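[1] Predicted model, plus sequence, below.
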Amino acid sequence: MRFGVLGCGSYGVVHAKVISSMPDQARLVAVADAVPDRAAAVAGELGCEAVEGLEALCRRADVDAISVSIPHGLHADAVVTALEAGKHVLVEKPLDISLVAADRVIEAERRTGLTVGVMSQRRFEPAAVRVKAAIDAGDLGRLTSGMAETTSWRPQSYYDSTPWRGTAAVEGGGALMTLGVHSLDLLLWFLGEPVAVQAQAGQLAHERIEVEDTLVGTVRFASGAVAGVSATTAAYPGRDSRVAVYGDLGSAQVGERELGYLRTTRLQPGTERVAETAAYPEHSALSGGDAIDIYGAAQAQYRDFVAAVRDGRPPAIGTADGRRVLATVLGLYESARTGDTVKL
């Protein structure tokens, strides 16, 4: 499959490198960015063409799919434009910053019959896959509770250096929308359908931002399980995120780089901890020892996306998944604003 990449910031560069690293499945044809010099630099490094923008990518007959990595509030417009030009799309999380925008994408996907995937690469990490398999096998029993915790530090310069960061109109949210959404998505994958949320949030350690730098909330699921959610960019020096799930037969915790633990009555003592395996050895040259964390799971999602297009099936993580986690984020924001429990 031949790809174009829209957006050459930090996320876009990762996407471009991942595509370039899997020549058996994909080829990077062109990149575009609002800052032409940034696109030129990526194109020079990876041996593709730099073009002027989305319209130029859409006009190219040698582009089958477009990877979208631009500011959140611009996602839906870009995805719909690409779909209407006949291109499949893999879009960075979140799907957009409103459900109205998300539904525009879903309608365009239905109308065009093309494929849209939403990046949630943590679901492809070996540790997360192992925990999901244990849940589906009933090894944790009835799931009762969980926790998704994203504890990060971003200095004031993080917001000041990028005009759209910290804005309600374009970023759409802060610590939860931009960073905590990864852990929240895993929590929903593990625990199922969310039905109600509560939250409190604040701007506690940063200036000149319109969004939260700290949020703590709870989610109730259709099964009756309850879980905590926390996300912050105001916890120096930051620590790895974690997602934990608890059931009446076992418990598990996933960190950013490994399976923290998996303990269940169905395992013999001493076998609870399952080491994460190097599932993506082909990426050893991309980013040193962290290659599996940064690139391996993203490559696995790209491989699934390419296979979905080829086989005419939905991708593992599609627009319904993207809408569900976005609805949960927005519900938590509404609860933080109003003080009420919000039903989803």
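    Structure's in. What do you need?
[2] and the strand or helix carrying residue 110, what does it pack onto?
    Secondary structure assignment for residue 110, by DSSP states H and E: helix 99-112. On a contact count with 3 or more CB pairs under 8 Å, 6 or more residues apart in numbering; DSSP states H and E, helix 99-112 meets helix 75-84, helix 319-338. Every C-beta, even on glycine, is put in place using the N, C-alpha and C of the backbone.
[3] Which positions in the last one come out as buried?
    If I follow you right, that is helix 319-338. Applying a neighbour-count criterion of 16 or more other CB atoms under 10 Å, one finds 319, 321-333, 335-336 buried in helix 319-338.
[4] CA atoms only: put it into CSV for me.
    This file holds the C-alpha atoms of helix 319-338, laid out as CSV (Å, rounded to 0.1, in the frame of the first residue of the first chain):
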residue,chain,number,x,y,z
THR,A,319,-14.1,4.8,14.0
ALA,A,320,-16.5,3.2,16.5
ASP,A,321,-13.6,2.7,18.9
GLY,A,322,-12.4,6.2,18.3
ARG,A,323,-15.9,7.6,18.9
ARG,A,324,-16.4,5.6,22.1
VAL,A,325,-13.2,6.8,23.8
LEU,A,326,-13.8,10.4,22.6
ALA,A,327,-17.4,10.2,24.1
THR,A,328,-15.9,9.1,27.4
VAL,A,329,-13.3,11.9,27.4
LEU,A,330,-16.0,14.5,26.6
GLY,A,331,-18.3,13.1,29.2
LEU,A,332,-15.5,13.4,31.9
TYR,A,333,-15.0,17.0,30.8
GLU,A,334,-18.7,17.8,31.0
SER,A,335,-18.8,16.3,34.5
ALA,A,336,-15.8,18.3,35.6
ARG,A,337,-17.6,21.5,34.3
THR,A,338,-21.0,20.8,35.8
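[5] going forward, begin numbering at 555 instead of 1
    I'll keep to 555 as the first residue from here, and by that count the last item is helix 873-892.
[6] angle of it against helix 653-666?
    For helix 873-892 against helix 653-666, the angle by axes from the mean of the first three to the mean of the last three CA atoms, to 10 degrees is 170 degrees.
[7] hang on, the earlier thing: ok, residues contacting the helix or strand just after the helix holding residue 664?
    Going down the chain from helix 653-666, the next helix or strand is strand 670-672, by DSSP H and E. The contact list for strand 670-672 (CB atoms under 8 Å, 6 or more residues apart in numbering) reads 633, 637, 642-645, 647-649, 659, 663, 855, 858-859, 862, 869-873, 875-876.
[8] and strand 670-672, which strands flank it?
    When pairs are called by DSSP bridges, strand 670-672 turns out to pair with strand 642-645 (parallel).
[9] Keeping just the C-alphas, turn the strand it pairs with into PDB.
    Output of strand 642-645 as PDB, limited to C-alpha atoms (Å, rounded to 0.1, in the frame of the first residue of the first chain):
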ATOM      1  CA  HIS A 642      -8.200   5.200   2.900                       C
ATOM      2  CA  VAL A 643      -7.200   7.000   6.200                       C
ATOM      3  CA  LEU A 644      -5.300   6.100   9.300                       C
ATOM      4  CA  VAL A 645      -5.800   9.100  11.700                       C
END
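[10] tell me the contacts of residue 557?
    Here residue 557 is in contact with 573, 580, 581, 582, 583, 617, 618, 619, 620, 621 (criterion: CB under 8 Å, 6+ apart).
[11] Which residues are in contact with the nearest residue to it once chain neighbours are set aside?
    Distances taken as CB to CB, 6 or more residues apart in numbering place residue 573 nearest to residue 557, at 4.9 Å, with adjacent residues excluded. Residues near residue 573 by CB under 8 Å, 6+ apart: 557, 559, 580, 581, 582, 621, 856.
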